[in-house]
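Peer 1: Pasted the sequence and its predicted model underneath.
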Amino acid sequence: MPTFDSIQVTGNATIGQDLQVNGNETVMQNFNVLGNQTITGSSLINGSQTVSVNIGAGSTVSAAFRMVAQAQPTVPMGGSTPQLVHFYAAVMPSQPGLVLKGTDGNNYVLFVDVSGGTPTLALMLA
């Protein structure tokens with residue numbers, strides 16, 4: 001198997017089997033994976049990353065600010081049971097939490113409110 005200290009591709013490159021990177025990999029424009037991608041260490045993305053189907057985490061998914069769900073949910077069949085959830089009508093763009101789309105099409109931030117002493121789920125408009 002040939003070994004190179006460096007290689008530069010100025011056009012297109014197609015790899016029919018596996019590509020293994022033991023050091024760092026920098027992609028300046030688009031990086032498309034049509035099959036599977038496995039990252040065993042850490043991954044830093046300075047721009048945007050889009051996953052069209054599923055993203056799985058064997059341990060933890062962390063977001064420094066917000067994680068956003070784009071799809072609009074529908075109300076399940078059957079009745080709901082009343083629960084204590086605080087709703088804050090104010091909009092705070094910097095509020096960290098999980099952003100979920102409501103059945104009304106608006107985005108809401110879900111977070112844990114401990115201002116009353118007891119942890120309670122809370123919602124606010126995103």
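Peer 2: Alright, I've got the coordinates. Numbers count the residues shown, from 1 in each chain.
Peer 1: where's L98, which helix or strand?
Peer 2: Per DSSP states H and E, L98 falls inside strand 97-101.
Peer 1: Which elements pack onto that strand?
Peer 2: Using 3 or more Cβ pairs under 8 Å, 6 or more residues apart in numbering; DSSP states H and E as the contact definition, the elements that strand 97-101 packs against are strand 66-68, strand 107-113. Placement of C-beta: from N, CA and C, glycine included.
Peer 1: and among the ones you listed, the most buried is which?
Peer 2: Scoring the helices and strands packed on strand 97-101 by mean neighbour count under mean count of other Cβ atoms under 10 Å gives strand 107-113 as the most buried, with a mean of 16.
Peer 1: Quick one: name whatever helix or strand follows that strand.
Peer 2: Immediately after strand 107-113, counting by DSSP H and E, sits strand 120-125.
Peer 1: Of the helices and strands packed on strand 97-101, which is nearest T81?
Peer 2: For the helices and strands packed on strand 97-101, proximity to T81 was assessed by Cβ to Cβ; strand 107-113 is nearest, at 17.9 Å.
Peer 1: hey, C-alpha coordinates of that closest one in PDB?
Peer 2: Once side chains and other backbone atoms are set aside, the C-alpha atoms of strand 107-113 remain, and they are given as PDB (Å, rounded to 0.1, in the frame of the first residue of the first chain):
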ATOM      1  CA  ASN A 107     -40.900  27.100  18.400                       C
ATOM      2  CA  TYR A 108     -40.800  26.700  22.200                       C
ATOM      3  CA  VAL A 109     -37.800  26.200  24.500                       C
ATOM      4  CA  LEU A 110     -38.100  23.400  27.100                       C
ATOM      5  CA  PHE A 111     -36.100  23.800  30.200                       C
ATOM      6  CA  VAL A 112     -36.100  22.900  33.900                       C
ATOM      7  CA  ASP A 113     -37.300  25.700  36.200                       C
END
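Peer 1: Quick check: which ranges of this protein have low pLDDT?
Peer 2: For the chain, the stretches flagged by pLDDT under 70 are 1, 80.
Peer 1: picking that back up, would you turn the helices and strands packed on strand 97-101 into JSON lines with distance to G41?
Peer 2: What follows is the helices and strands packed on strand 97-101, written out as JSON lines (distance: least, Cβ to Cβ, whole Å):
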{"stretch": "strand 66-68", "distance to G41": "21"}
{"stretch": "strand 107-113", "distance to G41": "30"}
